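> Could you look at this predicted model? Sequence included:
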Amino acid sequence: TFRIIRTVMSLSLLRALSRQLPRNQPMSRFWLRSASTSAVADDQAQELAVRKIRNVGISAHIDSGKTTLTERVLFFTGKISKMHEVRGKDEVGATMDSMDLEREKGITIQSAATYTTWKDHNINIIDTPGHVDFTIEVERALRVLDGAVLVLCSVGGVQSQTLTVNRQMKRYNVPCIAFVNKLDRPGANPFRVIDQIKQKLRHNAAALQIPIGLESGLQGVVDLITQKAYYFEGDYGERVVEKPVPESLQKEVAARRLELVGALADADDSVAEKFVLEEELTAEEIYAAVRKACLKRKFTPVMMGSALKNTGVQPLLDGILRFLPSPDEVSYEAVDKDDESKKTALSAVDPKLPFIGLAFKLEQNKFGQLTFMRTYQGVLRKGDVIYNARDDRKVKVPRLVRMHANQMVDIQEVNAGEICAIFGLDCNSGDTFSEERNGLTMVSMFVPDPVISLAIRPEHQKYLEGFSKALQRFQKQDPTFRVHIDDESKETIISGMGELHLEIYKELMLREFGVPTVTGKPKVAFRETITAPAKFDFIHKKQSGGSGQYGRVIGEISPLVGEEAHSCVFVDNTVGQNIPKNFIPAIEKGFLEACTKGQLTGNTMIGVKFTLLDGAAHSVDSNDLSFRMAAIGAMRQAVHKASPIVMEPIMNVEVNAPNEFQGALIGVLNKRRGTIADTDSKEGYTTIQAQVPLNEMFGFSQELRANTQGKGEFSMEYAVHQPTLPALQAELIKTFEKERQGK
């Protein structure tokens, strides 16, 4: 009976539909049109959803208030119900500082991801470290983010790590909003900071707000676009109250608004036309001009407030939605893994396109490896099978989650333009995953070279297994953490971005793996190079019965300059078949192998160009090994004739301390062979910019505290390798010879 009723109803429905069709129109065409309309609706819905996503990083110099700002963002958007401070008296610590070490030291060590909503928009946030030793965390965050908030201290202004973050944003073409924080601090001056953004960062920047009071008198901010005053009332500043601009600030508001329009006129022709004709711009016109120029990185809007005093955070959230891009407004491309010149544009709007995502960060927790992934195209679902572009290996997605610091929320699928995390995905940081084997991969991020090394071993043989596991995991998680075994001493050498970087991993080894370790003296990453060209003509010949080894290489080595000075370059200028072309890769391999260990001190060689001009081969005895050994021998022969020298890493050092200690600090830096580049005294504090050899910076923190009564602070980052003093070079050569003879 049920089947009969269902059949009759279906026939009735078909008759009703056919009556609504125009004459002579087939039923199949009607269904096709309906399906097409549905598909268009789905595409429009996906486009609308993507436009309501913001992927944002919060980056700055150490102690600028990034993590405190993120805590306020989470509180005002309703993600957390109670705020905690980075170094709060309740000893709970900020939400995003989930590691015990972060809460103990009061600094951010690893980037932390979270998500929240504000005014019907989804915001994915990554809070990044401010210390230069953990710069890789900022690097990989900015690699996958669409926009950023650059936080600056209203007293410290543009500092050393601010410059580094700015370079990283430029490298990945990330538009940003500047937020001048800590307006409640003594000596706060947001307009001096804006001047520094213009001068030091070379940004076309202008304020969108001015403060109502400063330091302890901070009350709120005035929006220069709407010309309204905003006060933040309630126990936690959660109630934003709009009022007229105070009479005492009206002249300044008019002047600063004119500055804003003038800065926009430099970036937007339509604004320039009205500016020249002295026509008034509406608030909507200014908003549109700011957004357009910000997305093109032609203008940096500057907002301000005090995260600690809950001032100015809600307008910043509005600014993130209004001025920073959604995923569909950013152009992303995948490249052919065999030919990077072949590029394919990716779309975040069409959900039917095959999935492509980038694993940008790995973490290990009690559930196993957690892989953070940015999705660029298509849809990823739990249980999907995807392919790793690096090795074409097929993997299944067992579990999808969204991260909130160290908390997880399980999800079934994730759309293009979003950030998620996957459990049980065996991969490396920087791997690209796709729905099909299409040979496409995302361009890998920039990874800086380590600047400091340390010999390390477990306290006892019984810890060897845990020691080995810890080193393997740390290398997989952090591309700037390197491990190798010294060929001569057979010691395990770890390398990283600074003393703190290596100290943190040593501490993690003890806490997470129960492995106490013993470390040697830190070893600086010296390099060797040549200063003059030299010719070579080397024959490698070995006969031991039967077929032997024979290879002859002729050419010259010469020094590289400019951007290539930190690399080694091989050039094949041979003509004819004296050396068969199939042996050329072996010669290049031998040259690069010879560069891994210099002849003066055993350090890596850089800035060498190896030009192969001619050579000879034997029809029977020549093989890849013969020509690889010939290239190594040619390097040994030529380097001594090319005036080799030793180079040491030079660091950009920034020291901040009260004015009364300026003379003592300059003396300390000079004693450490530092070159003073700039000094700046403002608001009772002195900032000294200097370049100092890394080899001279060990123990500087203790000396700084002793000379400033604990009031001084410093930061440093790698600048360049420069030739060492002759006396130091002679000492390094002598030490190397002694070690070699002892072996």
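Cool, got the structure.
> for the chain, what are the low-confidence residue spans?
1-48, 85-108, 366-367, 405-406, 487-489, 545-546, 683, 710, 742-743 (pLDDT under 70).
> Tell me who's in contact with Ser434.
Taking C-beta atoms under 8 Å, 6 or more residues apart in numbering, we find Ser434 in contact with 354-357, 386-387, 389, 440. Just so you know, the C-beta spots here come from the backbone N, C-alpha and C atoms, and that holds for glycine as well.
> So which of those belong to strands?
356-357, 386-387, 440 (DSSP state E).
> just those residues now: which is nearest Ala532?
Comparing the ones in strands among the contacts of Ser434 against Ala532 with C-beta to C-beta places Leu440 closest, at 45.0 Å.
> Quick check: that closest one touching Arg390?
No: using C-beta atoms under 8 Å, Leu440 is not in contact with Arg390; the gap is 11.8 Å.
> if I look at those two, which residues touch both of them?
337, 432.
> between these two, who's got more neighbours?
Leu440 (21 against 15; other C-beta atoms under 10 Å).
> Okay, and the beta partners of that one?
Asp336 (DSSP bridges).
> Give me the phi and psi for Glu564.
Dihedral pair for Glu564: phi -80, psi 0, per degrees, to the nearest 10.
> which ones are touching the closest residue to it other than its chain neighbours?
Excluding its sequence neighbours, the residue lying closest to Glu564 (C-beta to C-beta, 6 or more residues apart in numbering) is Gly607, at 7.4 Å. Going by C-beta under 8 Å, 6+ apart, Gly607 touches 529-530, 559-561, 564-568.
> Show me where the stretch 451-600 of the chain has its strands.
Here the stretch 451-600 of the chain has its strands, by DSSP state E, counting those that start in this stretch, at 452-458, 482-485, 492-496, 517-519, 523-524, 527-530, 534-542, 549-559, 568-572.
> Would you reformat the ones you listed as a markdown table and include distance to Glu278 and mean neighbour count?
Shown next, in a markdown table, are those (distance: least, C-beta to C-beta, whole Å; neighbours: other C-beta atoms under 10 Å):
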| stretch | distance to Glu278 | mean neighbour count |
| --- | --- | --- |
| strand 452-458 | 58 | 20 |
| strand 482-485 | 60 | 12 |
| strand 492-496 | 57 | 20 |
| strand 517-519 | 67 | 15 |
| strand 523-524 | 60 | 16 |
| strand 527-530 | 59 | 24 |
| strand 534-542 | 68 | 17 |
| strand 549-559 | 58 | 22 |
| strand 568-572 | 57 | 16 |
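> Please convert these to JSON lines, extending it with distance to Ile666.
What follows is these, written out as JSON lines (distance: least, C-beta to C-beta, whole Å):
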{"stretch": "strand 452-458", "distance to Ile666": "25"}
{"stretch": "strand 482-485", "distance to Ile666": "35"}
{"stretch": "strand 492-496", "distance to Ile666": "29"}
{"stretch": "strand 517-519", "distance to Ile666": "32"}
{"stretch": "strand 523-524", "distance to Ile666": "24"}
{"stretch": "strand 527-530", "distance to Ile666": "29"}
{"stretch": "strand 534-542", "distance to Ile666": "42"}
{"stretch": "strand 549-559", "distance to Ile666": "35"}
{"stretch": "strand 568-572", "distance to Ile666": "38"}
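> Mind checking those strands for the one nearest to Gln472?
strand 482-485 (8.5 Å).
> which helices and strands does the closest one pack with?
helix 464-477, strand 492-496 (3 or more C-beta pairs under 8 Å, 6 or more residues apart in numbering; DSSP states H and E).
> how about that strand as PDB, C-alpha atoms only?
Backbone C-alpha positions of strand 482-485 (Å, rounded to 0.1, in the frame of the first residue of the first chain) are rendered in PDB as follows:
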ATOM      1  CA  ARG A 482      70.100  21.600  13.600                       C
ATOM      2  CA  VAL A 483      72.000  18.500  14.900                       C
ATOM      3  CA  HIS A 484      75.100  16.900  13.600                       C
ATOM      4  CA  ILE A 485      78.000  14.700  14.800                       C
END
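> And stretch 651-668, end to end?
Criterion C-alpha to C-alpha, to the nearest Å; first-to-last residue distance in stretch 651-668 is 15 Å.
> I'd like to check what contacts that stretch. Which residues are they?
Counting by C-beta under 8 Å, 6+ apart, 156, 159-160, 451, 669, 674, 676, 679, 681, 684-694, 697, 700, 703-704, 707-709, 711-719 sit against stretch 651-668.
> again, only this time at 6 Å
Residues from elsewhere that reach stretch 651-668 (C-beta atoms under 6 Å, 6 or more residues apart in numbering): 159-160, 681, 684, 686-690, 692, 694, 703, 707-708, 711-717, 719.
> Residue nearest the middle of the chain, spatially speaking?
Compute the mean C-alpha point of the chain, and by C-alpha atoms, centre = their mean the closest residue is Glu139, 0.7 Å away.
> quick one: that one is in a helix?
Yes: counting by DSSP: H, G, I helix; E, B strand; the rest coil, Glu139 is part of a helix.
> That one: what's it in contact with?
Counted by C-beta under 6 Å, 6+ apart, Glu139 has contacts 168, 445.
> now Pro585
Per C-beta under 6 Å, 6+ apart, neighbours of Pro585: none.
> From Leu592, how far off is it?
In this view, Pro585 and Leu592 are 11 Å apart by C-beta to C-beta, to the nearest Å.
> what kind of secondary structure is the nearest residue to Val240 once chain neighbours are set aside in?
Of all residues not flanking Val240 in the chain, Gln314 sits nearest, at 5.3 Å (C-beta to C-beta, 6+ apart). Following three-state DSSP, we place Gln314 in the helix state.
> Quick check: the gap between Gln314 and Pro351.
33 Å.
> And Ile126, by the same measure?
With distances taken as C-beta to C-beta, Ile126 is found 24 Å from Pro351.
> between the two, who's got more neighbours?
Remark: of Ile126 and Pro351, Ile126 carries more neighbours, 28 against 20, as counted by other C-beta under 10 Å.
> The more buried one bridge partners, please.
Gly57, Ala113.
> Name all residues that make contact with it.
57, 111, 113, 141.
> Closest one of those residues to Leu150?
Gly57 (9.3 Å).
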